[in-house]
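K.L.:
here's a sequence, model it:
(chains A, B and C)
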Amino acid sequence: MIINHPILGPRDSQEFTYLGDATLIDRPDWQAEDAADQFHDYLYLRDNPAGEHRELWFHEQGDRSWLVVTRNTVTHEILTVELARDVARTRGRSK
Amino acid sequence: MTDAVMNTGTVAFQADGSTGARKGVQVNRLDGGLIKGSKALTFSFDGKRYTGFEGDTLASALLANGVRLMGRSFKYHRPRGVLTSGSEEPNALVELRSGGRQEPNTRATTAELYDGLEANSQNRWPSLQHDFMAVNDRFSNFLTAGFYYKTFMWPAAFWEKIYEPIIRKAAGLGSISFEDDPDAYDKGFLHCDLLVIGAGPTGLMAALTAGRSGAQVIIADEDFLLGGRLNAETFGIGDLTGSAWVEQVQAELAAMPNVRVMPRTTIIGAFDHGIYGAVERVSDHVLAPEAGKPRQILWRIYSKRAMLAAGATERPIAFENNDRPGVMLAGAVRAYANRWAATPDQTVAVFTNNDDGHRTAADLIAKGVKVTAVIDTRADAPQVDGAELFAGAQVVDTKGRLGLESVQLRLANGTTRDVHCGALAVSGGWNPNVHLTCHQRGRPAWREDIAAFVPAGTLPQNMSVAGAANGDFSTAAALRAGAEGAVAALSELGITAKTADLPEAEDAPINVTPFWYVKEGKGRAWLDQQNDVTVKDVKLAHQENFRSVEHLKRYTTLGMATDQGKTSNMGGLAIMAELAGKQIPEVGTTMFRPPYTPVSFGVMAGRSVGEEFRPTRKTPSHKWAEEQGAEFVEVGQWLRAQWFPKAGETHWRQSVDREVLQTRNSVGICDVTTLGKIDVQGKDAAAFLNKMYANAFAKLPVGKVRYGLMLREDGIAYDDGTAARFAEDHFVVTTTTANAVLVYRNMEFARQCLFPDMDVQLISTTEAWAQFAVAGPNARKLLQKVVDPEFNISNEAFPFMGCGEVTVAGGCRARLFRISFSGELAYEIAVPTRYGDAMIRKLMEAGEEFGAVPYGTEALGVMRIEKGHAAGNELNGTTSALNLGMGRMVSKKKDCIGNKLSEREGMNQEDALKLVGFKPVNAADPVPAGSHLMNADGEVSAATDQGYITSAAYSPVLGCSIGIGFLKRGDARKGEVIRAVNPLEGKEVQVEVVSAHFVDPEGERLRG
Amino acid sequence: MRYSGLKVIKEALTGHKGWRPTWRDPEPKKSYDVVIIGGGGHGLATAYYLAKEHGITNVAVIEKGWIGGGNVGRNTTIIRSNYLLDGNEPFYELSLKLWEGLEQDFNYNAMVSQRGILNLVHTDAQRDAARRRGNAMILNGSDAELLDVDGVRAMYPFLNFNNARFPIKGGLLHRRGGTVRHDAVAWGYARGADLRGVDIIQNCEVTGFKIENGKCLGVETTKGFIGANKVASCVAGSSSRVMEKAGMRLPIESHVLQAFVSEGLKPVLDGVITFGAGHFYCSQSDKGGLVFGGDLDMYNSYAQRGNLPVVEDVMEGGMALIPALGRVRMLRSWGGIMDMSMDGSPYIDKTHVDGLYFNGGWCYGGFKATPASGWCYAHLLATGTPHKTAAAYRLDRFRKGCMIDEKGQGAQPNLH
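P.N.:
You can find the predicted model right below:
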C-alpha cells in the first residue's frame, strides 16, 4: 500500500506502524462520573466497519508523524491522509 | 504470458542451421524456427545425453530428440508428456540441476536450455518407463474424488500408523536435496508511469506508444524472447515477419532511456495501489550465476498505471485417455514447430472446435509433417488443404502406453475410425489470461462470442486490460488495443501520447463453438492432468452435492496443482454447469490468487538469509569485548556480551560467578547502551511525563533521577526505567532494551494524538549515547579517575539518584547518573557513541588498580534477581503494578495512562499474584524459572496452581539458587514452604517464600 | 449411509451410483428451535453437537455463501492444545480430545494427524517461558516435552544450525498437536448434522434480526423471515458486520491473515514447526505441499487478500529457518479475515438480547478450536449455562478486568 503523507508525499506503508481505529484519539476524561465505563468502551469496543475506516498509522521509519488515514477496509483504497495532531485538535484535545 | 494471435499469414521463415546438422539424432527437428542451429548444446535427461540448440527449452529439445514421455501424474502415475509450450504446463515437470541447486517441479516448457543442463524425471520409481506406483492406475475405480474421506477410519489408530505414512511417502512431486541453496537473490524497487505486462503484439505496441511520448515505461514478459504468440505463428505484421517486427520494436525500445525492457520477468501479483511484484530470472538460463550476479531478483514495481497484455491460454477438450504423451494443445504444437523447429512426432492429428486448430494443421503441413486427420467438432468446419478433414467428428479414445500411437474417432455418421498419429493437437478455444485482474477480488465476466471469461468488475486500481487478455484475439485488434490503451492510460496522467500508424496484420474472428468434453466412453477423460481429475470425478462431486466451484475444487483437487488449473478449470466449470443445468457464469469462477506462477523461497527472501536474516546491532564496546573473548548473546536485534571468560574457566558459571562477586566486592563495568533513551524537552516536559508514568513526576527536582513505571492503558505494567531531570524543561528517559521502540512510539502517540498542544518535543537518542554501568564499592573511586576533576562526584555532592552533565578524559562531554540495577554503589555514565570504544578502554584502564571486571548480561541478570528487580520475565504483559508489588506507586491523584482501568475488580482480587522471592529448602536444589507453584500439601494440578517462577539464577553471594516469581497473596506468605513443580522435566523442589530482595534489602550499599 | 472401506469397494464395483449428497439443500422452514448463523466449521459443529449431544434437531444453519467457504477452508490446518492460561488450556485440551475421536464420531475421515508441533526456543527467556507453558499444559492434562538443541537437531537436522541469526537453543514439543484436512471438517460436521435432521441452508444471507422487547424472535434473510427460539451467531471474520444489525459493538477488529502453500514435494517435514523469532510456521500436507504462514498484515481489512511485505517477511523466515528451501516455490497464497479480539481469546456467550447468542473473536486460532467451540456453544444454547471449559469466554470480561491475554499484548488486536 502507499500512504500519501501530508508532508512527505507518497510513502510505502511498510515504513509505517499500524495502531488501529482513530477513535483512540478520543481518550475519555479520567474525572468523569462514568469514567470506568467510558474507558472500557474507548479501549475495547470497535465499530470495525466493512468500508471507510479512519485509522492511526505511525511513520516509524520516517518522520515519526502519527497520521489519520481514511481507508476502505474492503478495497484498501485510501481516501484521505491527515496529520493526527491536526485531527486531535479538531476533536477538542487542545488544552 | 503469451499474447494469442489467431490468424494465418504466410511468411518465409529464416532457417539458420543446415537441415543435415539439425537432424542427426534430433529425429523430430524441423527446419526454420527461432533457435540458433549453429550452437549445439549438450544436456541430459534421466542420465541420458542429448543435444539441442540455443533458443530451445528443455521441452522443445526433448521433443526434437523424439522424447515424448517426460513425467508421471500425481495420483495414478500415468505416463505423461508435454501438454503446452508455456508456464501453464501441468505435466512435464522435472527436477532440474542437482545438489544445492536441485530444483523440483521445474516446467520443462520454461526451462531454457543451456550447455550442461541436467534434468531428471520425478515422482516415479524406479524409472520413468517402469513406475511401480502406476499400480494405482489399476485401482483408479476405487481412488475416485474424495474416496479417502470415506475410508481409512478403522481401526482408529491405523490412520496415523499405517495409512497416512504410506500416503505421505507416495505423495508429493519433486524432491529437494536438503542442501543449502548456494545462490544469491536480490530485491529491488522500480517506479514507472506505465507498466506493461506481457510483450506480445499488444504489449509491444503499448510500450512503443508510451515510450515515444517520453513516459517512464516498464515492459515485462515471462518469456526470454519478446513477441508472445508472434514467435509461434507464421503470419507477419506489415511487410515484416512477426519476429522481425518484434526485433525492430525491441531495438527502438532499447534505444529509449525512459523504457525498461524486462524479459524473463514474471509479474507475479497485483497488490494495492499500483504495486506489482515481479520476479526476474537473471541466471536460470545458465549453468551457474556469473560471479556477483544473483540467480533471481524480486522487484517491487510502483506503477502509476498498468496495462495487462498477458495474452490468452489455450484450453483442451476432455475425452477418454486424453492424457497420453503426444496429446498436446494445438497452439503448443504450432509453437514448437514454428518457433522451436520441433515436432512431437512425424505424424500428427488435430482435434479442434474452432478455426485456430486448423492453423496447426496448415503450419505442420508446411513444415513437412504429416497430418493424418483434422477432426473438427463443428459440422460446418472449414476445408483443409493437405489433410483429411472429419467435420462433426470427435476423438473418443486413444492408444499407446508410453506414447500416443493412434486415436479412435466417432465420425459424424456414427461410425468409428482409427487414425494413426504420434501426436494429437487439441484446441478447445482460448481463455484470456485474466489472472492478475482477479488478484484484488475482481470477478471476470462470461463472453459468449469467444466462450470465455474476460476481465470485468473492479480491476486493481489503475489497471487496464488489452489484447487477447481482454478477449480481442486478432493481431490487428491487439496492436490497436495496445496503442489506444497506452494513450488512454497516459492521458490520465497528463501525458500526451499519439497512436502511431498501426501496421497491417491479420484480423480474423476465431469462430469457436463451445465443446468441452466428449460424452462417449466409459473410461476416464482428464481435466486436471497433474492431479488426475477426470470428468467422472466432477460428476461424482455433483452427485454428492459438491456443486459450487469452491466445493468442486476442494473435493476433487481440480485446479490445485502447480499450474493452478490454467488449462483445466474451465472444463471443470463447464461440466458442472451442464450437470447443474446452469449457465457457466452462474456457476462462477474460482478465485485466482498470487502468484501468477510459483515463486521461489530464495527470491522472496532476497538477502535476508543466514546471519543477515535480520540486522545486527552492536554495542559501542563490541569490538573491545570481542578482543576480550566475550561470549555474545542475541537480545532482540542487539548482540550483547553475555560473559567474559578468563583463561582456565571451563564453565560459564565460573565466569559469571566471578563477575558477580568481583562487582559486589570491588567494581564491575557493563555496557548498557542498549537501554532505550529518549530526550524529552519543552516547557511541559514534566507535565507530559507525569501522564506517561504511573507514579508522580511533576515535582522531580533538577539534578535528580526517579524510577518510573509505565502502564498500558489497560492498566498492565509494560515498561520501567528512569527519568533524569537535567533542567526544568529537559528530561532524559531510559526504557528497557526490549521496549525502546514501543515506549517511544507510545510517547509520540500521547504527544501528537492525546495532548497535541503540550509544549514538549521527543527524540530517541538510544544510538546517540554509549552508556556504561560502573557498579561496586569502588565505583566512585574508579570514576573519579575518569570524570574531570572540576566535577565533584562525592557522595554528598552527587548522592544516590543524582544526575548531571560532566566531562571526562579532559573535556569529553558526558552524562552521569547515580542509579543502580545491581544494588551496589553504582553509576551509569554516557558519552557520545563515537567515544564509546575509547570510554570502555578508559574505564578498564582506570579500574585496573581495583581489579575491575567487565560483566555481561548473565551477571547483570544474577545481580538484578538478587535485588528482586523486575525485568522482561516479570513485565510479561499480564502483570499489573499490584502484582509487581508497586500498587501503591500508581497515583490516584492524577491522570496518567493506565491508572483508570487498573482499578477494575479483576485486577484487584484478594488472592492476586504478588512478586516474591524463593529459596530452596535444600540449598543444593536449583529452582528453574517456569516452575509452577503448589502448596506444600495437596494435589498438583491446574486447579491448585498458586503461581509461577519467572526468573531464577544461582546466587554466588548466597551460595544457592534463588528465584523470583508471582505467588497468590505472596506478600503475606513469607516464610511459608511451598513446592515449585516442574513436571515437564520431572522435577519438584521445596522452596521457602522470601522477600525478593535477597541482597542488601535495606539498600545501604547503593547509598554508600 | 455409513462410510467405510467396504462401502467404497462396493460402490467402485457398482459404478458409484449409490453415493448420495453429503448434505441436503432444503428450503428453510418457517421457524426452528435454533437458528445458527454461519455455515463454517464452528456453526456446523454447533449444529452437530446440538443434535447429537442434546437431541435438539430442529435446527437450521444459515450460510451466506457455500458452507466451509470461510476460515475453515482457508487456514493452515493446525490443531494443538499448548496454551498457557487457565482460561484457555482446558478448552483447547477438550478440543484436542474431541479431535482425537472425531473421525469415528462423525464417520468421516478428516485425516486428523498428530505428528507433533515444535515451538522453537532461541533465548534463555524463551526457554523459561516455554517451561512455564509446558508445565501449564501438563497440569491441564495435555502433553509437552522440552527439547535442547540436540533434541531439535535429531528431529529436523536440516534446520539452520550453522549460521542462524537467531540460533536454535531448543524447543517445546507438543506431540499430540498436528494437522487436520480442514475442508473435511466442515463437510464431516455438515454430513453428521444433516443426517440428524439439521437443515443446512446455503446462499442465504442474514439481513437483520427481529428483536422485540429485548427478545430475539428470528432473523430476516434473503430467503425471507425465519423464526427461532434461539439465534446463534457464529460468523468469525464477519462478527462485527452481523452483530451490528443487532445494535452491538464488539471487542473485535477484522484483520487479514495470509497463508501459503508450496508446490508438492516428496517428504520434507513430518510435523509442524513454529519459528517465533522469524514469524514463520510450516507443516507439510499429506499431498506434499508445504503449508506455511506468519504474521497478520496488521491493518484492519475485510479483503481476504494481503500485500507483498508480509509475503516477503514470511518467506524470509522460511529461508532463515530452512536454507534448503531456496529452490522450492510458493504456489498459492490466500487471505482469511480474522476476528481479532482484544486479548487474543474468543467469546462464547449470551448477549444482552434475550435469545441471541454470540460466538466469535477466534483470532487466527479458530480452526483447532472447532470441535470444542461447537461443543461448548451447543452446551450454552441447550442448557443456558456456559460449559465449564469456556466459562471465561465472556463478553464482559474487559469491564471486569479479567483478560485472557496469552501473548501479553493488551488491547491491541493485531498483536495477538
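
K.L.:
in its sheet, what does the host helix or strand of B:Ser38 sit against?
P.N.:
According to DSSP states H and E, B:Ser38 maps onto strand B:36-45. Sheet pairing for strand B:36-45, assigned by DSSP bridges, gives strand B:48-54 (antiparallel), strand B:117-120 (parallel).

K.L.:
quick one: name the residues of chain C near chain A.
P.N.:
Residues of chain C lying near chain A by C-beta under 8 Å from any C-beta of the partner chain: C:238, C:240-241, C:244, C:249-254, C:298-303, C:307, C:309, C:342, C:398-399, C:411-414. Every C-beta, even on glycine, is put in place using the N, C-alpha and C of the backbone.

K.L.:
rewinding a little: where's the strand holding B:Ser38 relative to the chain centroid, distance-wise?
P.N.:
Here the centre of strand B:36-45 is set off from its chain's centre by 35 Å, with C-alpha atoms, centre = their mean, to the nearest Å.

K.L.:
what subset of the residues of chain C next to chain A is also close to chain B?
P.N.:
Within the residues of chain C next to chain A, those near chain B by C-beta under 8 Å from any C-beta are C:303, C:307, C:399, C:411.

K.L.:
touching, the second one and B:Ala270? I think so.
P.N.:
Yep, that's C:Asn307 we're talking about. No: assessed by C-beta atoms under 8 Å, C:Asn307 is found out of contact with B:Ala270, at 10.6 Å.

K.L.:
and the helix or strand containing A:Val69, which strands flank it?
P.N.:
In this structure, A:Val69 sits in strand A:66-72 according to DSSP H and E. Here strand A:66-72 is paired, per DSSP bridges, with strand A:52-58 (antiparallel), strand A:78-83 (antiparallel).

K.L.:
mind telling me which residue of chain C is nearest chain B?
P.N.:
Relative to chain B, the nearest point of chain C is C:Gly408 (1.9 Å; C-beta to the nearest C-beta).

K.L.:
rewinding a little: just the buried members of the residues of chain C next to chain A?
P.N.:
Using 16 or more other C-beta atoms under 10 Å in any protein chain shown as the burial test, those include C:238, C:240-241, C:244, C:250-254, C:298-303, C:307, C:309, C:342, C:398-399, C:411-414 as buried.

K.L.:
for the strand holding B:Ser38, give the mean pLDDT please.
P.N.:
Regarding strand B:36-45, the rounded mean pLDDT is 92.

K.L.:
tell me how many other residues crowd the residue in the stretch 801-950 of chain B positioned nearest to chain A.
P.N.:
Closest contact between the stretch 801-950 of chain B and chain A, by C-beta to the nearest C-beta, is at B:Asp895 (4.2 Å). By other C-beta atoms under 10 Å in any protein chain shown, 14 other residues sit near B:Asp895.

K.L.:
and B:Leu913, by the same measure?
P.N.:
If you count neighbours by other C-beta under 10 Å, B:Leu913 ends up with 22.

K.L.:
partners of it in the sheet?
P.N.:
B:Lys968.

K.L.:
how far away is it from B:Ser931?
P.N.:
15 Å (C-beta to C-beta, to the nearest Å).

K.L.:
so where's chain A shaky on pLDDT?
P.N.:
For chain A, the stretches with pLDDT under 70 are A:95.

K.L.:
up against chain B, what does it have?
P.N.:
Applying C-beta under 8 Å from any C-beta, we find that chain A lies next to chain B at A:1-2, A:17, A:19, A:24-25, A:27, A:30-31, A:35-36, A:39-40, A:43, A:56, A:58, A:60, A:64-66, A:75-78, A:83-85, A:87-89, A:93-95.

K.L.:
buried subset of those as a ChimeraX selection?
P.N.:
The buried residues among the residues of chain A next to chain B can be selected in ChimeraX (16+ other C-beta under 10 Å) with this line:
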select /A:1,2,17,19,24,25,27,35,36,39,40,43,56,58,60,64,65,66,75,76,78,83,84,85,87,88,93
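
K.L.:
give me the subset of the residues of chain A next to chain B lying in helices.
P.N.:
Per DSSP state H, helices hold the following members of these: A:35-36, A:39-40, A:43, A:84-85, A:87-89.

K.L.:
so which of the residues you listed comes closest to B:Ser73?
P.N.:
A:Leu43 (56.1 Å; C-beta to C-beta).

K.L.:
residue contacts, whichever residue of chain C sits closest to chain A?
P.N.:
Of all residues in chain C, the one sitting closest to chain A is C:Ser240 (3.7 Å; C-beta to the nearest C-beta). Contacts for C:Ser240 (C-beta atoms under 8 Å, 6 or more residues apart in numbering or on different chains) come out as A:46-50, C:249-250, C:252-254.

K.L.:
secondary structure added to those, as TSV?
P.N.:
Formatted as TSV, these follow (DSSP: H, G, I helix; E, B strand; the rest coil):
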residue	secondary structure
A:Arg46	strand
A:Asp47	coil
A:Asn48	coil
A:Pro49	coil
A:Ala50	coil
C:Arg249	coil
C:Leu250	strand
C:Ile252	strand
C:Glu253	strand
C:Ser254	strand
